[in-house]
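> just coords:
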């Protein structure tokens, strides 16, 4: 299935995408795609319902509605740093021996086409196309990497927007440069794990103002999604609906010569194979 939420912020309707033009409305059966939904077997519950409604012709047509993030604000957003060797090189940092973990405020989550706002005092707001993992059940102390597969609800496109000065020059945790409002566009849809034949063969790209900045593939990850979920489960409890941003390929603004950063009026477009595309306009601080 391909799960989406459409409608105004705070009033999104849960639906299952059938194709670019049609969807199945699930709002009479599902309150939201949230922790309760994922943790109570919601995916197994709605899958036959979607099939039944498609067979009966009970589908609706998209009509220009806003697309929200495909799941509600999660319990936590966890992020893996320097998870592509070539991105580590452009950042001037060594490839880590173990995953680098940092957090991002859950209220950074926005829809895939919502505006991204430059924070006050920022001069180095940057882009990062990433594969996001959404957790499907409460998980801790997984016994094996194979077991981690069963804990994953699905995958999503994420733009891990970052303020490099706040992240690297203001001391303390990276979260300072990762948690400004609007810094985590996600979507347009959540592809359930069964829809992705090989999560390590997904092409990734990002353009700024029509210029290709990032080109990569999940095949060059240092730590793959199953390893990441297993690894994190040894240190903390993963809740249903949690989001894990798994790192970015090369081509971020910080790594360009000269470094290039986002300004109000810029437009980011990005995508991952089988997971859809995003488009964000950059706006000034409030």
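That came in fine, so what should we check first? No experiment lies behind these values; they were computed from the predicted model shown.

> lowest-pLDDT helix or strand in this protein?
helix 85-90 (a mean of 79; mean pLDDT, DSSP states H and E).

> start to end distance for stretch 120-128?
20 Å (CA to CA, to the nearest Å).

> count of neighbours near residue 98?
By other CB atoms under 10 Å, 8 other residues sit near residue 98. Where C-beta positions appear, they are placed from N, C-alpha and C, glycine not excepted.

> scratch that, residue 200
Residue 200, neighbours per other CB under 10 Å, totals 14.

> quick one: contacts for it?
Neighbouring residues of residue 200 by CB atoms under 8 Å, 6 or more residues apart in numbering: 218, 219, 221, 224.

> I'd like the residues you listed laid out as a markdown table, including neighbour count, secondary structure and pLDDT.
What follows is the contacts of residue 200, written out as a markdown table (neighbours: other CB atoms under 10 Å; DSSP: H, G, I helix; E, B strand; the rest coil; pLDDT from 0 to 100):
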| residue | neighbour count | secondary structure | pLDDT |
| --- | --- | --- | --- |
| 218 | 25 | helix | 96 |
| 219 | 12 | helix | 94 |
| 221 | 21 | strand | 95 |
| 224 | 17 | coil | 97 |
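
> of those residues, which pair is most distant in space?
Across the contacts of residue 200, the longest distance by CB to CB is 9.3 Å; it joins 219 and 224.

> pLDDT of stretch 269-284, averaged?
Averaging pLDDT along stretch 269-284 yields 98.

> and that stretch, what's buried?
Residues of stretch 269-284 classed as buried by neighbour count (16 or more other CB atoms under 10 Å): 269, 270, 271, 272, 274, 275, 276, 278, 280, 282.

> what does stretch 64-82 give?
67-82.

> same deal with stretch 81-90?
81, 82, 83, 84, 87, 88, 90.

> between these, which is nearest residue 1?
For the buried residues of stretch 81-90, the nearest to residue 1 is residue 83 (26.8 Å; CB to CB).

> that closest one contacts residue 99, correct?
Yes. Proximity of residue 83 to residue 99 meets the contact threshold set by CB atoms under 8 Å, at 7.0 Å.

> phi, psi of residue 223?
phi -120, psi 120 (degrees, to the nearest 10).

> which non-adjacent residue is nearest it?
Counting by CB to CB, 6 or more residues apart in numbering, residue 223 lies nearest to residue 99, which is 5.1 Å off, once chain neighbours are set aside.

> can you give me the pLDDT of that neighbour?
The model reports residue 99 with a pLDDT of 96.

> next one: the one 10 residues further on
At residue 109, the predicted lDDT confidence score is 98.

> next: residue 92.
pLDDT recorded at residue 92 is 80.

> which SS class is it?
Assigned by DSSP: H, G, I helix; E, B strand; the rest coil, the conformation of residue 92 is coil.

> give me the neighbour count for it.
Residues near residue 92, counting by other CB under 10 Å, number 8.

> quick one, helices of the chain?
35-39, 42-55, 85-90, 145-149, 164-169, 225-233 (DSSP state H).
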